[in-house]
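>>> Sequence plus the predicted model coming up.
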Amino acid sequence: MQAILSPLTPSLSLYKSRTSLSSLSSFNPILNLSSSSFPSCTPIVYSSSSSSKFISLTPLHSSNNNTFHTKATVTAAADSSDSSSSLFKTLELGVLFCLWFSFNIYFNIYNKQVLKVYHLPVTLTAFQFAIGTLLVAFMWGLNLYKRPKLTSSQLLAIFPLALVHTLGNLFTNMSLGKVAVSFTHTVKSMEPFFSVLMSSMFLGEMPTAWVVGSLVPIAGGVALASATEASFNWIGFLSAMASNLTNQSRNVLSKKLMVNKEESMDNITLFSLITVMSFFLSVPLTIFMEGVKFTPAYLQSAGLDVQQVYIRSLLAALCFHAYQQVSYMILERVSPVTHSVANCVKRVIVIVSSVIFFQTPVSPINALGTGIALSGVFLYSRVKGIKPKTE
């Protein structure tokens, strides 16, 4: 979406003629009158189609008043335009947030519905990357977004990002296939812990006391929720934790590798390239681990409704790609702190909506643990921008 530019304010000026009165007096006798008979005047000459000339006398003090009135009108119009532009941007941002939350909710619902009957998460992950690749090709083919011209150094820098991106989404799908959506996202709220750990190990970014303090309720809340989770499964739990590790590794690698300003690219282009590369990485992995088991013949032999599996898989893949695209669009419009807070709110909405939709049993202690963990995430998003005081 393009930002609306404020209209250019036209430059208004009053032209004062310096035409000699003596040269005009023979033509218009009114100028032979004493100047003391009239206020100070500015003659403005207009030409008609009959080549005759008419001279209008405009008092200078009246021109000053008109100038003031014109400037006031232009200023008011500019303020009104700025106000309208600000209102439109606010509404645009609100729509993007609603789309981001909605696409994420529907992705988790459709994805879980497929994984409950189709227990091949690697194949499903590859299918989601395939749909994303088709959307990227469609976007580039129709020039909806400029296709980048890559250098070999850029490809080498993007490859590790695509690798951990592939693994991160694969581990998330593995977790969603084993445990409840709400529990997967509760465990994924541990992402700040891995972010601090990876940044300190590989980037030398030491956390402040506020950041370390915010990690305590996160870890404690996840531990409490895990101990009381009805659908707890070690594979599901460890897969969600592995997803946290790989996703935060991607963030650290992007900071460590994509440092050349001359070869930098915008977030949407980078995400599109990562999606395409992830597809090509996931295809051989799928064949090696699960084989080709997404054909109609295989689904029928497994007793599944082919049409329903395909439709819901397609919807999940579309929502998966859409919510990540919208997320980057939002990130271009707001600060990282605002985006982080919104991501925390999004996780709360996804957990609540999945509990309601799937009627997931939740005990009071389990809900308390989830709430504590998410409160810690919110606190972390607020304090991570605080700089330590220098003496």
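Alright, I've got the coordinates.

>>> In three-state terms, label residue 229 for me.
Counting by DSSP: H, G, I helix; E, B strand; the rest coil, the backbone at residue 229 sits in coil.

>>> Please name the residues that touch it.
Neighbouring residues of residue 229 by Cβ atoms under 8 Å, 6 or more residues apart in numbering: 179, 180, 183, 186, 366. Quick note: C-beta positions are derived from backbone N, CA and C, even for glycine.

>>> Quick check: phi and psi at it.
Main-chain dihedrals, residue 229, degrees, to the nearest 10: phi -80, psi 130.

>>> want to throw the contacts of residue 229 into TSV with distance to residue 247?
Formatted as TSV, these follow (distance: Cβ to Cβ, whole Å):
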residue	distance to residue 247
179	18
180	20
183	17
186	16
366	24
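
>>> What about the residues you listed, which are in helices?
Per DSSP state H, helices hold the following members of those: 183, 186, 366.

>>> Strands of this structure, start to end?
Under the criterion DSSP state E, strands of the chain are mapped to 41-47, 53-59.

>>> quick one: residue 139 and residue 146, what's the gap?
Separation of residue 139 from residue 146 (Cβ to Cβ, to the nearest Å): 10 Å.

>>> Looking at these two now, which is surrounded by more residues?
For the pair residue 139 and residue 146, the greater number of neighbours falls to residue 139 (16 against 10), based on other Cβ atoms under 10 Å.

>>> Quick check: nearest residue in space to that one, chain neighbours excluded?
Once flanking residues are discounted, residue 139 sits nearest to residue 145: 4.8 Å by Cβ to Cβ, 6 or more residues apart in numbering.

>>> show me the contacts for the one you found.
Taking Cβ under 8 Å, 6+ apart as the criterion, residue 145 is in contact with 139, 268, 269, 272.

>>> Give me the below-cutoff pLDDT ranges for the stretch 1-150 of the chain.
1-81 (pLDDT under 70).

>>> how deep is residue 364 tucked in, by neighbour count?
With other Cβ under 10 Å as criterion, residue 364 counts 8.

>>> should've said residue 138
When neighbours are counted by other Cβ under 10 Å, residue 138 registers 11.

>>> Distance of the residue nearest to it when sequence neighbours are not counted relative to residue 197?
Using Cβ to Cβ, 6+ apart and skipping residues adjacent in sequence, the residue nearest residue 138 is residue 144, 7.7 Å away. Counting by Cβ to Cβ, the separation of residue 144 from residue 197 is 39 Å.

>>> Phi first, then psi, for the nearest residue to residue 265 once chain neighbours are set aside.
Of all residues not flanking residue 265 in the chain, residue 148 sits nearest, at 6.1 Å (Cβ to Cβ, 6+ apart). Torsion angles at residue 148 (phi, psi; degrees, to the nearest 10) stand at phi -80, psi 150.

>>> what sits against residue 148?
265, 269, 273.

>>> swap in residue 383?
Counting by Cβ under 8 Å, 6+ apart, residue 383 touches 208, 210, 211, 213, 214.

>>> go again using 7 Å as the cut-off
Shown in contact with residue 383 (Cβ atoms under 7 Å, 6 or more residues apart in numbering): 210, 211, 214.

>>> Including neighbour count, pLDDT and distance to residue 294, could the residues you listed go into a markdown table?
As requested, those are exported to a markdown table (neighbours: other Cβ atoms under 10 Å; pLDDT from 0 to 100; distance: Cβ to Cβ, whole Å):
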| residue | neighbour count | pLDDT | distance to residue 294 |
| --- | --- | --- | --- |
| 210 | 15 | 91 | 47 |
| 211 | 20 | 91 | 43 |
| 214 | 24 | 92 | 42 |
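
>>> Helices - which of those residues land there?
Per DSSP H, the contacts of residue 383 map to helices at 210, 211, 214.

>>> Number of residues surrounding residue 354?
Neighbourhood size, residue 354 [other Cβ under 10 Å]: 22.

>>> what do you get for residue 174?
For residue 174, the neighbour count with other Cβ under 10 Å is 23.

>>> Kindly report the same for residue 141.
Neighbour tally, residue 141, other Cβ under 10 Å: 9.

>>> quick revisit: nearest to residue 343 among the ones in helices among the contacts of residue 229?
Nearest to residue 343, judged by Cβ to Cβ, of the ones in helices among the contacts of residue 229 is residue 186 at 14.5 Å.

>>> Help me confirm that that closest one comes into contact with residue 370.
Yes: using Cβ atoms under 7 Å, residue 186 makes contact with residue 370 at a distance of 4.9 Å.

>>> Common neighbours of those two, please.
Common neighbours of residue 186 and residue 370 (criterion: Cβ under 7 Å, 6+ apart): 225, 351.
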